[in-house]
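**Student:** predicted model and sequence below, questions to follow.
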Amino acid sequence: MTKKVHELMIDKSVTVSEDEEIFEVANKVTKDCETLLVCVVDKENKLIGMITPKELLKAAEVGEYGNVSHPFFSGREALHLLTSDHARDIMSAPISVKPDDEVQMAIDLMLGSNLYEVPVVDKDNKVVGEINFLGIISHSVWKGSADRE
């Protein structure tokens, strides 16, 4: 039987507007501690971008510590991060799944994009939660152990 995203998703997410300052975004993530992916939404709660933990860490390294020692930095990217103040400055294009999509689609997106979480949006592209690798693997582990009993 094929599992659907709504069966494994959590109905929460960290959402910010594109105008929120990066330090506010970081504060929201650290206070939540259950989700790490930030969904950037417009005034109608429609997904317009994402900020990954890696992007926040890169912004902290450059902006807070002045360090650009990692090979994924280019000169242009470091300069961009040094001048970034808002969520829109470090967000990437959004990827998402819908509640009725198959879980395999979420897995494919996660593996193909090096993400551990994917936003779940409704038919109007409004964020309704997220699906993450913990929910997927815990279901798989639980199902496997139940089958062996």
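**Tutor:** Thanks, I have it.
**Student:** quick one, helices of the protein?
**Tutor:** Secondary structure of the chain (DSSP state H): helices at 5-8, 22-32, 53-65, 75-82, 87-90, 103-113, 133-148.
**Student:** need the winner for burial among these.
**Tutor:** Among the helices of the chain, helix 87-90 has the highest mean neighbour count (mean count of other C-beta atoms under 10 Å), at a mean of 20. Using the backbone N, CA and C atoms, a C-beta is placed for each residue, glycine as well.
**Student:** can you list the neighbours in contact with it?
**Tutor:** 16-22, 25, 38, 40, 49, 51, 55-56, 58-59, 80-81, 83-84 (C-beta atoms under 8 Å, 6 or more residues apart in numbering).
**Student:** hmm, try it at 10 Å
**Tutor:** Helix 87-90 has contacts (C-beta atoms under 10 Å, 6 or more residues apart in numbering) with 16-22, 24-25, 38-41, 48-52, 55-56, 58-59, 63, 80-81, 83-84.
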